[in-house]
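Peer 1: mind folding the following:
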Amino acid sequence: MKNSIMILAVLAIFGLYACGQTGKVVPEKIKTSFAQKFPEASKVKWDKENASEWEAEFMMGGKEYSANYSSAGEWMETEYEIEESEIPADVKANLEKEFSGCKITESEISETATGKVYEFELKISGEIMEVSMDMNGNVLKKEEAKENDKEDKD
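Peer 2: Residues are numbered from 1 along each chain as shown. Next comes the predicted model:
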């Protein structure tokens, strides 16, 4: 009896795992495109972002990256975190000028086909704000963080 229950439990766990994996098969054209763009990537984990987009999280050069691809296999965006010390002095100075008293809680570089931008998450007077700046430190976008981002920081 105990063996039967144990076998059923193992089968149930395996069944749940297998069901959780359905629909998560990364199309070959996406994997091929990724391998061509990031041949040095390691520890690659794929996830389906939405109906038309896949995201790979991976390590490269000692940093954590994420890259998004369309279902057609076209690269869309790459993001990677940077240390505050990696932010150029002129960009940081403009950030502090534009957002006086801010504390940088997260900083990253986002690269798309149109170029690179800095993306910052700032804490200002208890509020969380997301800011995008071009590589010269000009503000491109600023908005209050979404509710789920705020909860993660509390």
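
Peer 1: what's opposite residue 64 in the beta bridge?
Peer 2: Beta-bridge partners recorded for residue 64 (DSSP bridges): residue 59.

Peer 1: can I get the host helix or strand of residue 90 in CSV, CA atoms only?
Peer 2: If you go by DSSP states H and E, residue 90 is part of helix 89-98. Output of helix 89-98 as CSV, limited to C-alpha atoms (Å, rounded to 0.1, in the frame of the first residue of the first chain):
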residue,chain,number,x,y,z
ALA,A,89,29.9,61.2,-14.2
ASP,A,90,28.0,63.5,-16.6
VAL,A,91,25.0,61.2,-16.7
LYS,A,92,25.0,60.8,-12.9
ALA,A,93,25.3,64.6,-12.4
ASN,A,94,22.4,65.3,-14.7
LEU,A,95,20.3,62.6,-13.0
GLU,A,96,21.0,64.2,-9.6
LYS,A,97,20.2,67.6,-11.0
GLU,A,98,16.9,66.5,-12.6
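
Peer 1: would you mark the buried spots in the helix or strand just after it?
Peer 2: As assigned by DSSP H and E, the chain's next helix or strand after helix 89-98 is strand 103-112. Residues of strand 103-112 classed as buried: 104, 106, 107, 108, 109 (neighbour count, 16 or more other CB atoms under 10 Å). Where you see a C-beta, it was placed from the backbone N, CA and C, and this is true even at glycine.
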